[in-house]
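S.K.: Build the 3D model from these lines:
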Amino acid sequence: MARDASVRFPGRTLFLTEDGDALARQLAGESLAWRDDLALVDNISTDEITPGWVCYYYDETLAEYCLVGLRGGHIGRNAIKGGGFSVIVSGRSKGCGSSRETAPYSELKSGVGLVIARNIEKIYGQNAQNIGLLTSTDFGLIERIARGEAIPLDEFTRGLDPISADIVRAGGLFEYSKARMRGDVSPPTITTAARPMTLAEKILAAHAVTDLRNDRLGVPALAPGDALFVRADVRFSHEYVTPMADALFRGAFGDDARVTEPASVYTFRDHLTFLDDVMSPQHVAMGLKDVARRLAVVQEDFAKTQGVRHYGEVQNAVGRGSQAICHNAVIEDIALPGQVVCGTDSHTCMAGALGCFAFGVGSTDMAAAWFTRDVRVKVPESVEVHLTGTLGAGVSAKDVMLLLLSDAYFKTGQGIGKVLEFNGPGTASLSLDERATLTNMSVEAGGFTGIIEADEVVVSYLAAKRGLDADAVRARIVKADAGATYAHRFDIDLATLVPMVATPGDPRNGVALAALPADVKIDVAYGGSCTGGKKADMDMYAAVLSKAVAEGRGVAPGVKLFIQFGSQDIREYAEAKGYIEVFQKAGAQLINPSCGACIKAGPGVSERADEVTVSAINRNFPGRSGPGKVYLASPYVIAASALAGRLAAPDAV
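M.R.: Below is the predicted model:
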């Protein structure tokens, strides 16, 4: 059903302020007047809107827990739903982090109709459009809404691409999709003249859907701002999201609806595999253990019914666990250069290391893509990250990203929705695994995705790993055109880099490790996740720990070291290299694949607010890996810190 031409917001406006008392007074019933100098909370992540445990629900129950993870702990159950709020206002980068659609859905079902922020993160904003939650960066609306004005709907479509604007007018993606399939609405015809294109633009142009009914693809050229649907070669989801997407899929297309081309669809049991080991007694008492287990059951039923490949659980010498984390498996088994890959996880961009355009989407986008095989895209601008030189000893791609993310360009939100295209001889000098760290963490910049042109490193890997014909892989490689236009350029000499860390709260808090006090004690060292559980990461952990073991040293007293493999293939690699014996002798606890501690769902999470963790994961938003403080660092620093009992560079141990 199409929206009315204007919208009223009769409820209250909630200002998410840095002043905890002012926030508490609003929740108690007081209404604040807008002031330009009101200090608003920045960088509210989806982890804070709907913490991991809240995402075990995928229905209107989510509204009861809206924003319960917001820093400061002021917002409790039903505080938003019961507060009569129709507008929520915050600062920069609203909705950063995970692609979980549960976040805007919880706001919408709490009665909120509009979210206003200085800037809106790309995936969060698209998810909001898909479900009918309005967003704006126009703070002038606040006083107009307070006066009771009806706001023309056009004010919420201004600046949007034509497809997004039509989705907003339709009230959401499903209503738009139904109208599109009826022929009542069509995406705009692409008329961009031939021009030099970036790597991302060339891949999207080749996958542009020009005629849905007759399955016609491809346009001569695209430019930033062009709106279109692109054919997805790979679609995947994990158990956190598959049940919600399945419910939406059947609700929109009928209980008998079937996934189109199931051979290109994959499901993963990889997020909550170890949840039973760390769930708090409070959450157990709430019945969340059974709720979470149900997610895996629903996903497995979906996979069987739809005939799609499911990566499930395994049992081996290390114990039980997952076959693989989705992002590691997509690189190992599934994606190819030049493809379009979409997954229900913000770190889908990791596959960009293969030279494909890979990006995260929400539940509604995936449900629609299961049926249509395509997903909407507004062609993004690209940022060129030109790397030269080679990394020094004890420095890794993680340090590259922590340095890059600390730049004001990303800290102020200028990277939101852009593609990070890594190139140059420094990029070519990196292994595939190290390149995957670069593309994986591009989303921490607010980026649409990260991408690297495929080369002989990729060709050799795919030929060896999957038995593919090398020439056939080479034929798939897409290259950026000379003279392509970039929104910004970074030049980084890898030889100048030093070990970095991101201080607690945000992956953009990067500083040189040497600039920190020398006595930052740690309680937990966690080496794992899609970012830190690759083969190259195992090499780094082993390089530091093997030296210590040879000298009769191990993990410092009072410190817990966890090393978690990204896939069974990576575990087998570590075993073949003799690393497992080294890790165990050093005192590490080994864990089978799963997202685990990265999302507060496995061994390695903090248990108390005063605990300090140094972690190889990709983001350290408040509460994401437990109540303690989390520093992000490279695998080298993780291992060295575990030995030292404090934050330490590898050359210090």
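S.K.: any low-confidence regions in the stretch 251-400 of the chain?
M.R.: By pLDDT under 70, the stretch 251-400 of the chain contains no weakly predicted segment.
S.K.: And the helices in it?
M.R.: 275-278, 281-285, 288-306, 326-329, 363-372, 397-405 (DSSP state H, counting those that start in this stretch).
S.K.: so which of the ones you listed gets nearest Val185?
M.R.: Nearest to Val185, of all the helices of the stretch 251-400 of the chain, is helix 363-372, at 13.6 Å by C-beta to C-beta. The way it works is simple: take the backbone N, C-alpha and C, and place the C-beta from them, glycine included.
S.K.: residues making contact with that closest one?
M.R.: 58, 101, 126-127, 130-131, 172-174, 177, 181, 212, 229, 232, 235, 237, 241, 244-246, 248-249, 252-253, 257, 259-260, 265, 306, 342, 344, 361, 375-376 (C-beta atoms under 8 Å, 6 or more residues apart in numbering).
S.K.: got it, and stretch 280-289?
M.R.: By C-beta under 8 Å, 6+ apart, the residues outside stretch 280-289 that reach it are 53, 56, 275-276, 279.
S.K.: Comparing the helices of the stretch 251-400 of the chain, which comes out most buried?
M.R.: helix 326-329 (a mean of 30; mean count of other C-beta atoms under 10 Å).
S.K.: mind giving me the domain split of this structure?
M.R.: Per automatic domain parsing, the structural domains of the chain span 6-170, 234-378, 499-653.
S.K.: Tell me who's in contact with the closest residue to Thr388 other than its chain neighbours.
M.R.: In space, Thr388 comes closest to Gly426 once its chain neighbours are excluded; the distance is 4.7 Å by C-beta to C-beta, 6 or more residues apart in numbering. Shown in contact with Gly426 (C-beta under 8 Å, 6+ apart): 386-390, 492-494.
S.K.: circling back: go through the contacts of helix 363-372 and flag which are in strands.
M.R.: Members of those lying in strands (criterion: DSSP state E): 229, 235, 237, 265, 342, 375-376.
S.K.: Can you give the distance of the helix or strand of the chain with the lowest mean pLDDT from its chain's centre?
M.R.: When each helix and strand of the chain is scored by mean pLDDT, DSSP states H and E, helix 275-278 comes last, with a mean of 84. With C-alpha atoms, centre = their mean, to the nearest Å as the basis, helix 275-278 stands 22 Å off its chain's centre.
S.K.: Ok, stretch 161-174 next?
M.R.: Stretch 161-174 has its C-alpha centroid displaced from the chain centroid by 23 Å (C-alpha atoms, centre = their mean).
S.K.: The helices of the stretch 251-400 of the chain: which one's closest to Ile49?
M.R.: Nearest to Ile49, of all these, is helix 363-372, at 14.7 Å by C-beta to C-beta.
S.K.: what angle do the closest one and strand 234-238 make?
M.R.: Counting by axes from the mean of the first three to the mean of the last three C-alpha atoms, to 10 degrees, helix 363-372 lies at 140 degrees to strand 234-238.
S.K.: angle of helix 363-372 against helix 288-306?
M.R.: Going by the same axes, to 10 degrees, helix 363-372 makes 20 degrees with helix 288-306.
S.K.: ok so, going back, what about the residue nearest to Thr388, helix or strand, and which?
M.R.: Using DSSP states H and E, Gly426 maps to helix 425-428.
S.K.: Tell me the gap between stretch 569-588 and the middle of its chain.
M.R.: 28 Å.
S.K.: which other residues reach it?
M.R.: 316, 318, 324, 328, 332, 527, 533-535, 538-539, 541-542, 545-546, 548-549, 553-555, 561-563, 565, 590, 592-593, 642-643.
S.K.: Try it again at 7 Å.
M.R.: 318, 328, 332, 533-535, 538, 541-542, 545-546, 548-549, 554-555, 561-563, 565, 590, 592 (C-beta atoms under 7 Å, 6 or more residues apart in numbering).
S.K.: Show me those residues that map onto strands.
M.R.: 561-563, 590.
S.K.: Distance check, Leu228 against Val265.
M.R.: 22 Å (C-beta to C-beta, to the nearest Å).
S.K.: follow-up on the earlier one: out of the domains of the chain, the one nearest Gly413 is which?
M.R.: For Gly413, the closest of the domains of the chain is domain 6-170, at 4.4 Å, according to C-beta to C-beta.
S.K.: Find the residue at the geometric middle of the chain.
M.R.: When the chain is reduced to its mean C-alpha position, the closest residue under C-alpha atoms, centre = their mean turns out to be Ser346, at 2.2 Å.
S.K.: who are the neighbours in contact with that residue?
M.R.: 97-99, 123, 360, 443.
S.K.: what separates it from Phe15, distance-wise?
M.R.: Applying C-beta to C-beta, the value for Ser346 to Phe15 is 27 Å.
S.K.: does Met197 really touch Ala223, like I thought?
M.R.: No. The pair Met197 / Ala223 is not scored as a contact, 8.2 Å apart, by C-beta atoms under 7 Å.
S.K.: ok so, going back, dump the ones in strands among the contacts of stretch 569-588 to JSON lines, plus pLDDT.
M.R.: Below are the ones in strands among the contacts of stretch 569-588 laid out as JSON lines (pLDDT from 0 to 100):
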{"residue": "Leu561", "pLDDT": "98"}
{"residue": "Phe562", "pLDDT": "97"}
{"residue": "Ile563", "pLDDT": "97"}
{"residue": "Leu590", "pLDDT": "97"}
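S.K.: Determine which two of those are furthest apart.
M.R.: Leu561 and Leu590 (9.9 Å).
S.K.: who has more neighbours, the two?
M.R.: Neighbour count, other C-beta atoms under 10 Å: between Leu561 and Leu590, Leu561 has more, with 27 against 21.
S.K.: Provide the partner residues of that one in its beta bridges.
M.R.: For Leu561, the beta-bridge partners under DSSP bridges are Ala525.
S.K.: Who are the contact partners of it?
M.R.: Contacts of Leu561 (C-beta under 7 Å, 6+ apart): 525, 555, 587-589, 642.
S.K.: Could you check how far it is from Val524?
M.R.: 8 Å.
S.K.: Also Ala652?
M.R.: Ala652 is 19 Å from Val524, by C-beta to C-beta.
S.K.: re the thing from before, and the next helix or strand past the helix holding Gly426?
M.R.: helix 432-440.
S.K.: List the buried residues of that next one.
M.R.: Using 16 or more other C-beta atoms under 10 Å as the burial criterion, the residues of helix 432-440 that qualify are 432-440.
S.K.: Give me the helices and strands touching the helix or strand following that helix, please.
M.R.: Beyond helix 432-440 in the direction of the C-terminus, DSSP H and E gives the next helix or strand as strand 449-452. Here strand 449-452 touches strand 357-360, strand 419-423, helix 432-440, going by 3 or more C-beta pairs under 7 Å, 6 or more residues apart in numbering; DSSP states H and E.
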